[in-house]
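[1] Quick one, structure for this:
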Amino acid sequence: MESYYAHHLGKTARRRIIQELIAEYGNRRLAELLGVSPAAVSKYASGLMHPSDATMEKALKIARGRLREKIARLIVRDLAKALLDALEDYGEYISWEGELDDLLLKLYLIKKTSGKHKELAVPSFPP
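    Presented below is the predicted three-dimensional model:
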């Protein structure tokens, strides 16, 4: 399953995810799981290099249990911060009818039903 959102993760979020995975698996084991060298993992963790989208896909798939929960929070916070920043910069140029209302409603419904992973049917608002 491809995670489109992995492409949108910022450099800091990518680094922090790698750091969490190193704490769980160790540098060498993580390198094996990701199919990269231990040196590459060290560079990811230090911020000297950033993991590719494909490497992040693998990284997100190997996290389990509490680590997966921690990484999920990192991902959602990073993407939410980016969305808030974009809305602050460009919100005045966007019509709040229709698509954005649907998005906000869906986010609200997900928050209200947290823990229940299901597709939500979001009604469209009349123009």
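[2] which ones are touching the spatially most central residue of the chain?
    Using C-alpha atoms, centre = their mean, the residue of the chain that lies closest to the mean C-alpha position is I75, 2.9 Å off. Shown in contact with I75 (C-beta atoms under 8 Å, 6 or more residues apart in numbering): Y5, L9, A13, I17, L60. Glycine gets a C-beta too; all of them are placed from N, C-alpha and C.
[3] Low-confidence stretches in this protein?
    The chain contains residues with pLDDT under 70 at 1-3, 96-98, 111-127.
[4] at 80 what do you get?
    1-5, 91-127 (pLDDT under 80).
[5] What residues of the helix ranked longest in it count as buried?
    With secondary structure taken from DSSP state H, the chain has its longest helix at helix 65-90. Judged by neighbour count using 16 or more other C-beta atoms under 10 Å, the buried positions of helix 65-90 are L67, K70, I71, L74, I75, D78.
[6] Count the neighbours of the closest residue to the last one other than its chain neighbours for me.
    In space, and not counting its chain neighbours, D78 is closest to A13: 3.8 Å by C-beta to C-beta, 6 or more residues apart in numbering. A count of nearby residues for A13, using other C-beta atoms under 10 Å, gives 21.
[7] The protein: strands as residue ranges?
    Read by DSSP state E, the chain holds no strands at all.
[8] ok, which stretches of it are helices?
    Secondary structure of the chain (DSSP H): helices located at 11-25, 27-34, 38-46, 53-62, 65-90, 99-112.
[9] Tell me which other helices or strands the shortest one touches.
    If I follow you right, that is helix 27-34. Other elements packing on helix 27-34 under the criterion 3 or more C-beta pairs under 8 Å, 6 or more residues apart in numbering; DSSP states H and E are helix 11-25, helix 38-46, helix 53-62.
[10] just how off-centre is stretch 80-89 within its chain?
    Here the centre of mass of C-alpha atoms in stretch 80-89, compared against the chain's by C-alpha atoms, centre = their mean, to the nearest Å, lies 15 Å away.
[11] Correction: the previous question concerned stretch 44-64.
    11 Å.
[12] Alright, calling it a day.
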